[in-house]
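Peer 1: Generate coordinates for the sequence data below:
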Amino acid sequence: MGKLILLFSFLSFVFFMQAQEATTNQKSYILDSTDIVQTNLFLDALKEKAIGNNLEALKLFTKVLEANPQNDAALYEISKLEEELSNNSVALEKAQKAYDLNKSNKFYLEQYIQVLTATNNIEKAIDVLREMLKSKQSDPVIKMQYAYLLGMSKNPKKAIAIFEEMEKNGEYNEAIAYEKVKLYLSQNDTKSAENELKKMIVNNPGDTRYLGSLAEFYLKSGNIAEAERAFNDILRIEPNNVSALLYKAQYYQMKKEEDNYKKTIISLVYNKELNLDTKITILTDKFANAGKVDSTDKSFLIQMCQVLTLQYPDDYRSHHLVADMLYIGGQYEESRKAYLKTLALHTAEYNVWQNLFYTQNVLKLYQEMADSTESALEYFPASSVIHFYNGLANAQVEKLDKAEKSFKRSLRFVGENNALEAQIHSSLADLYHKQKRFPEMDESFEAAIRVDPNNAYTLNNYAYFLSLRKDKLDLAKKMSRKSLDIEKDNASFLDTYAWINFELRLFTEAKFYQEQALANGKEDMAAIYEHYGDILFKLNEIEKALTYWIKAKESGSKNKSLPIKISTKKYVDYQD
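Peer 2: As a prediction, this is how the structure comes out:
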């Protein structure tokens, strides 16, 4: 639901008023010194400031001040620049000096109050404004600043009194009204806050913003019945008010009035006065909370998204929306089709391509993924992510040389994306393992670990590949142990750790961890069964070993040595 705005920045309003006054009543700086050099320095500093060279401007203003320490204009400018650089103590010192030198300059006053507030010198700011009001009692901006700071200093009653005095003098406005509401709420005086909001409605009977503020006030107060009345009042004035209709939808959903809830959403989706952007906002706002609703409601929202594709068949955004909703809902085949339709209408949306690759990867459509990434690279040739997906796809279809080139291109464009850089190095390592290019494999895994030393999957894969080579087993065990420290119940990691112990001839320890792998494994169990059989054989549990070798075969093991193990009832090393 699009949030209704109850309060806005009071200070922004005050400074906006001052900016308007400054525009209509321009005041140029008057330098105390008639020295031509000093004047030129000041003008040069202003030029540097105008083009964003703040440090150079600061140096030049400082030189002006060195020549004439009483130059209030230079002090003011230095204060502004030091504040931008977060040097608030220096900014405060310069602002105070500028103000002390020329208390009639409202810009110096504004800067002094602003820096006092930023440095939490609220009481001092109040004292300055109180003193100023003695000579400028009719200045509404100073009065508003004074009241605002009184509220900040936990003196809301005084602040409210000033606002009420301004109201009597005809100086009342929206900013004052909202500030009064905030002050009443800070005192837990909800009745006065409510009355202030109602007064705004009476003074502006056709403006639904104030009804919206009242409705939100009731919602925050837990007064649902009054909130509903306020939203109904909005709908009487503006029958298509999106915020009110969305609230009604949420209200019906909370009350479990399913039919009314769906009718309201449907009315929004089919409302001809609402454009596609508004309808997309409505549905994405609802879907953002999809984790809090059941699958039936998710299905309903997806149906509403699909309605938009019928209403706007030639607008890629409608297809993009439904694709994203299906994607979020885990319906990857349907989302893939919707992404392809989106791209048929519009090819420039990077996220559409990226989500398409993800769905193709999940669905194991590797050749299609390779083709799609090639197409995407025509539009985004410097995308590290797209080159990476292209490498993954080509590796899966056994185009290893092409995959290697894509991974290396991906590295060229990766920038500061450490997570992706680590993945690229790890994927290159997998590739080199397939090609038995072991020195390059080790180098790539080590590069991945340097970039992301706590990536459990990289640590596990490197350790496992080393164990298959019976190489660097102490290092492999250390990395495998670290991966388990990160994910202690991961069946694949437990299997790796058990297998390294097997290669180290620590069969009892290997059995302990392999049994944990069996307990935690849910899918891809062939290697876990086979390794458990191997360990049992080494512990002289021959018949039990045979049982698990047969289970491994039934689970789809591709190890060429497995049939030999089964037929001979003897352990044989792994064969590709």
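
Peer 1: shouldn't residue 217 be in contact with residue 192?
Peer 2: No: the criterion here is CB atoms under 8 Å, and residue 217 misses it with residue 192 at 11.8 Å. From N, CA and C alone the C-beta is placed, and that goes for glycine too.

Peer 1: Name the residue in the two with the higher neighbour count.
Peer 2: When residue 217 and residue 192 are compared for neighbours, residue 217 comes out ahead with 23 against 15, by other CB atoms under 10 Å.

Peer 1: Residue 542: what's its closest spatial neighbour, skipping adjacent residues?
Peer 2: residue 569 (5.9 Å; CB to CB, 6 or more residues apart in numbering).

Peer 1: Could you check how far the one you found is from residue 523?
Peer 2: For residue 569, the distance to residue 523 (CB to CB, to the nearest Å) stands at 28 Å.

Peer 1: For the two, indicate the residue with more neighbours.
Peer 2: residue 569 (13 against 7).

Peer 1: State the distance from the more buried one to residue 243.
Peer 2: To residue 243, residue 569 is 74 Å away according to CB to CB.

Peer 1: And the helices in the stretch 151-300 of the chain?
Peer 2: Along the stretch 151-300 of the chain, the stretches classed as helices by DSSP state H, counting those that start in this stretch are 156-168, 174-186, 190-203, 208-221, 224-237, 242-254, 258-269, 276-287, 295-311.

Peer 1: Run through the stretch 201-350 of the chain and note the low-pLDDT ranges.
Peer 2: Low-confidence regions of the stretch 201-350 of the chain, defined by pLDDT under 70, span residues 286-295.

Peer 1: about what we covered before: CSV for the helices of the stretch 151-300 of the chain, including distance to residue 49?
Peer 2: Below are the helices of the stretch 151-300 of the chain laid out as CSV (distance: least, CB to CB, whole Å):
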stretch, distance to residue 49
helix 156-168, 36
helix 174-186, 30
helix 190-203, 41
helix 208-221, 38
helix 224-237, 47
helix 242-254, 42
helix 258-269, 50
helix 276-287, 39
helix 295-311, 50
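
Peer 1: For residue 453, find the nearest of these.
Peer 2: Nearest to residue 453, of all those, is helix 276-287, at 36.9 Å by CB to CB.

Peer 1: name the helices or strands packed onto that closest one?
Peer 2: Using 3 or more CB pairs under 8 Å, 6 or more residues apart in numbering; DSSP states H and E, the elements in contact with helix 276-287 are helix 242-254, helix 258-269, helix 295-311, helix 316-328.

Peer 1: Highest mean neighbour count across the ones you listed, which stretch is it?
Peer 2: Most buried of the helices and strands packed on helix 276-287, by mean neighbour count (mean count of other CB atoms under 10 Å): helix 316-328, with a mean of 23.

Peer 1: list the helices and strands that helix packs on?
Peer 2: helix 276-287, helix 295-311, helix 332-345, helix 350-362.

Peer 1: can I get those in TSV with distance to residue 134?
Peer 2: Formatted as TSV, the helices and strands packed on helix 316-328 follow (distance: least, CB to CB, whole Å):
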stretch	distance to residue 134
helix 276-287	51
helix 295-311	62
helix 332-345	66
helix 350-362	60
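
Peer 1: coming back round to it: the helices and strands packed on helix 276-287 into JSON lines, with extra columns for distance to residue 179?
Peer 2: What follows is the helices and strands packed on helix 276-287, written out as JSON lines (distance: least, CB to CB, whole Å):
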{"stretch": "helix 242-254", "distance to residue 179": "23"}
{"stretch": "helix 258-269", "distance to residue 179": "34"}
{"stretch": "helix 295-311", "distance to residue 179": "39"}
{"stretch": "helix 316-328", "distance to residue 179": "40"}
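
Peer 1: which one of the ones you listed lies closest to residue 563?
Peer 2: Shortest distance between residue 563 and the helices and strands packed on helix 276-287, using CB to CB, is found for helix 316-328: 42.4 Å.

Peer 1: Now do that closest one and helix 295-311, the angle between them.
Peer 2: Orientation check (axes from the mean of the first three to the mean of the last three CA atoms, to 10 degrees): helix 316-328 against helix 295-311 gives 160 degrees.

Peer 1: contacts for helix 316-328?
Peer 2: Contacts to helix 316-328, defined as CB atoms under 8 Å, 6 or more residues apart in numbering, come from residues 276, 280, 283-284, 287, 290, 301-302, 305-306, 308-309, 311-312, 332, 334-335, 338-339, 341-342, 345-346, 349, 352, 355, 358-359.

Peer 1: got it, and stretch 251-263?
Peer 2: Residues outside stretch 251-263 that contact it (CB under 8 Å, 6+ apart): 224, 228, 231, 248, 249, 264, 293, 297, 300.

Peer 1: With stretch 548-563 instead?
Peer 2: Counting by CB under 8 Å, 6+ apart, 525-527, 529-530, 532-533, 536, 565-566, 572-576 sit against stretch 548-563.

Peer 1: right, and the helix or strand after the host helix or strand of residue 497?
Peer 2: Secondary structure from DSSP states H and E places residue 497 in helix 491-503. The C-terminal neighbour of helix 491-503 among helices and strands, as given by DSSP H and E, is helix 507-520.

Peer 1: quick one, phi psi at the residue nearest to residue 542?
Peer 2: The phi/psi pair for residue 569 (degrees, to the nearest 10) reads phi 60, psi 40.

Peer 1: Once you drop chain neighbours, what's closest to residue 564?
Peer 2: Nearest to residue 564 is residue 572, by CB to CB, 6+ apart, at 4.9 Å.

Peer 1: OK, contacts around that neighbour?
Peer 2: 561, 564, 565.

Peer 1: Quick one: which of the residues you listed is the most crowded by neighbours?
Peer 2: The most crowded member of the contacts of residue 572, judged by other CB under 10 Å, is residue 565 (22 neighbours).

Peer 1: Name the SS class of it, please.
Peer 2: helix (DSSP: H, G, I helix; E, B strand; the rest coil).

Peer 1: That one and residue 531 touch, don't they?
Peer 2: No: if you go by CB under 8 Å, residue 565 and residue 531 don't touch, sitting 11.7 Å apart.

Peer 1: I'd like the average pLDDT over the helix or strand harbouring residue 110.
Peer 2: Assessed by DSSP H and E, residue 110 sits inside helix 106-118. Helix 106-118 shows a mean pLDDT of 88.

Peer 1: Same question for stretch 518-529.
Peer 2: Mean predicted confidence for stretch 518-529 is 91.

Peer 1: What residues sit buried inside that stretch?
Peer 2: If you call a residue buried by 16 or more other CB atoms under 10 Å, then stretch 518-529 has these buried ones: 518, 520, 521, 525, 526, 527, 528, 529.

Peer 1: For the first one, give its distance to residue 312.
Peer 2: Counting by CB to CB, the gap from residue 518 to residue 312 is 53 Å.

Peer 1: Give me the residues contacting stretch 181-190.
Peer 2: By CB under 8 Å, 6+ apart, the residues outside stretch 181-190 that reach it are 6-7, 151, 156-157, 159-160, 163, 192-193, 196-197, 213, 217, 221.

Peer 1: Export that stretch to CSV, keeping only CA atoms.
Peer 2: The C-alpha trace of stretch 181-190 is given here as CSV (Å, rounded to 0.1, in the frame of the first residue of the first chain):
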residue,chain,number,x,y,z
VAL,A,181,0.3,17.3,15.5
LYS,A,182,3.8,16.0,16.0
LEU,A,183,4.2,17.9,19.2
TYR,A,184,0.9,16.7,20.6
LEU,A,185,1.9,13.1,19.8
SER,A,186,5.2,13.6,21.6
GLN,A,187,3.2,14.4,24.7
ASN,A,188,0.8,11.4,24.1
ASP,A,189,-2.0,13.9,23.7
THR,A,190,-3.7,12.0,20.9
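
Peer 1: oh, and call the first residue 46 from now on, that's how I've got it
Peer 2: Done: numbering now begins at 46, and the last item shifts to stretch 226-235.

Peer 1: Pull out the buried residues from it.
Peer 2: By 16+ other CB under 10 Å, the buried positions in stretch 226-235 come out as 226, 227, 228, 229, 230, 234, 235.

Peer 1: from the chain's centre, how far out does it sit?
Peer 2: In terms of CA atoms, centre = their mean, to the nearest Å, the centre of stretch 226-235 is found 33 Å from the chain centre.
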